[in-house]
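> Attaching a predicted model along with its sequence, questions to come.
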Amino acid sequence: MVQATTKKPVSKRTRIHLSISISLLLLTALCYGLAKYHPELMFPWYRDASQKLLQLWANITDLVPFSILEFLILGLIWLAIGWLIRVIADRGRGLVHLLTTALLIGSVMISMFVLLWGACQFAPTFAEEQGYDSTSYTPEEAAEAAAYYLQMANQYALSSPRDEIGVTDFGSFFEIADSVESGYEALAQKYGSRFDVGNVTPKPMLFSWVMDCIGLTGLFTAYTGEMSINCNTPDVSLPFTISHECAHRAAVAHENDANFVAFLACISSEDMAYQYSGYYSAFVYVYNAISKVSKDTQSQLWSGLSDPLKADILASNAHYAQFAGPVKEKAQKVNDKYLKSFGQPSGVNNYGAVAGALIGYYWKEIKPQLG
């Protein structure tokens, strides 16, 4: 007679892992759904709470001079490899435990991201709230705004410190990073306490070359509240990149909105390096937008570049061109899907969508001062 085999009962630990995972995913789905479909129930209280929680958490993690996130990622990779080796050695006997533990870790990471910060991506943007988001500008009006940003970028480029080949060199990463608070202090005075970021510590990534390969210049994470920066970023863009990640820390979630806030912070800074980086980035974004609709205007703007500004633009283009390839393309596709899933329909192109706000800022704030 053949005896019937009995199924091994699910362990108590496995049931606990599944229960916690399901509960967290349901809570996350509720928060995501409310933010996306009923933002009136979520904002501004959620954004204000997010900013305060992140600030509190970041005050602790900023005491560490290196990127905690970087080592957490390495730790997770090491843990995953160890688990796989153990499952293989045990001939699959620990597979169920491995999968439920992985599900628990994944659900905790997803819920922390959405609950702490991610839902901010469905909030009204700062540019919308300030009335800078209009896109109803004629090509001539856009060209005038671009000419202004070109003029300012040329002006600051002439006084920018340079290396032996004529490219901007602002010094060490930490010298640049130390001045990021200056611009945000000015924004807090003008636009309110949401930009009161306090003392911040931008952190250079040890594996910046990995960020180069996947097309990232900086990374803000709600898990640690850190601003992790690709320190290989060209110096002319580095202050703007740091200010961009600092905007994320102030619960400015949309990429184009973070770019706009970074621009305002840079030009409001007391540090010339930030001022130049702000105007440089503004010109590049508006120039790239105009180049898609008017080649004549593009040509006129390019002919107006000073030699120092042109040297910085060409050096930056050469830097990023060396990392073009399938790895970067695949990483960009992943980032594109992520951005679209969180209310940014233009995906990775959302980084450049700041041009509309920059043009709006020129006509609303700068043009009246110029008369």
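Yep, it's here. Residues are numbered from 1 along each chain as shown.

> Tell me which stretches of the stretch 101-250 of the chain form helices.
Secondary structure of the stretch 101-250 of the chain, counting by DSSP state H, counting those that start in this stretch: helices at 126-130, 139-158, 173-177, 180-191, 208-214, 238-249.

> Take the ones you listed and write them to JSON lines, including distance to Cys120, mean neighbour count and mean pLDDT.
Where you see a C-beta, it was placed from the backbone N, CA and C, and this is true even at glycine. Below are those laid out as JSON lines (distance: least, CB to CB, whole Å; neighbours: other CB atoms under 10 Å; pLDDT from 0 to 100):
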{"stretch": "helix 126-130", "distance to Cys120": "11", "mean neighbour count": "18", "mean pLDDT": "92"}
{"stretch": "helix 139-158", "distance to Cys120": "28", "mean neighbour count": "19", "mean pLDDT": "95"}
{"stretch": "helix 173-177", "distance to Cys120": "24", "mean neighbour count": "17", "mean pLDDT": "93"}
{"stretch": "helix 180-191", "distance to Cys120": "16", "mean neighbour count": "18", "mean pLDDT": "95"}
{"stretch": "helix 208-214", "distance to Cys120": "23", "mean neighbour count": "16", "mean pLDDT": "89"}
{"stretch": "helix 238-249", "distance to Cys120": "9", "mean neighbour count": "26", "mean pLDDT": "96"}
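
> out of those helices, nearest to Ala80?
Closest of the helices of the stretch 101-250 of the chain to Ala80 is helix 208-214, at 17.2 Å (criterion: CB to CB).

> what about the closest one, distance to the chain center?
15 Å (CA atoms, centre = their mean, to the nearest Å).

> now the helices of the stretch 101-250 of the chain in JSON lines, with distance to Val87?
Formatted as JSON lines, these follow (distance: least, CB to CB, whole Å):
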{"stretch": "helix 126-130", "distance to Val87": "48"}
{"stretch": "helix 139-158", "distance to Val87": "56"}
{"stretch": "helix 173-177", "distance to Val87": "41"}
{"stretch": "helix 180-191", "distance to Val87": "45"}
{"stretch": "helix 208-214", "distance to Val87": "27"}
{"stretch": "helix 238-249", "distance to Val87": "37"}
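
> Of all those, which one is nearest Ile313?
That would be helix 139-158 among the helices of the stretch 101-250 of the chain, by CB to CB, at 9.3 Å.

> residues contacting Pro234?
Applying CB atoms under 8 Å, 6 or more residues apart in numbering to Pro234 gives the contacts 167-168, 312, 315-316, 319.

> What ranges does the stretch 201-350 of the chain have for its strands?
203-204, 218-221, 226-229 (DSSP state E, counting those that start in this stretch).

> Would you reformat the contacts of Pro234 as TSV and include pLDDT, distance to Gly218 and neighbour count?
Below are the contacts of Pro234 laid out as TSV (pLDDT from 0 to 100; distance: CB to CB, whole Å; neighbours: other CB atoms under 10 Å):
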residue	pLDDT	distance to Gly218	neighbour count
Val167	97	20	19
Thr168	97	18	25
Asp312	97	19	26
Ala315	96	19	17
Ser316	95	15	19
His319	93	15	15
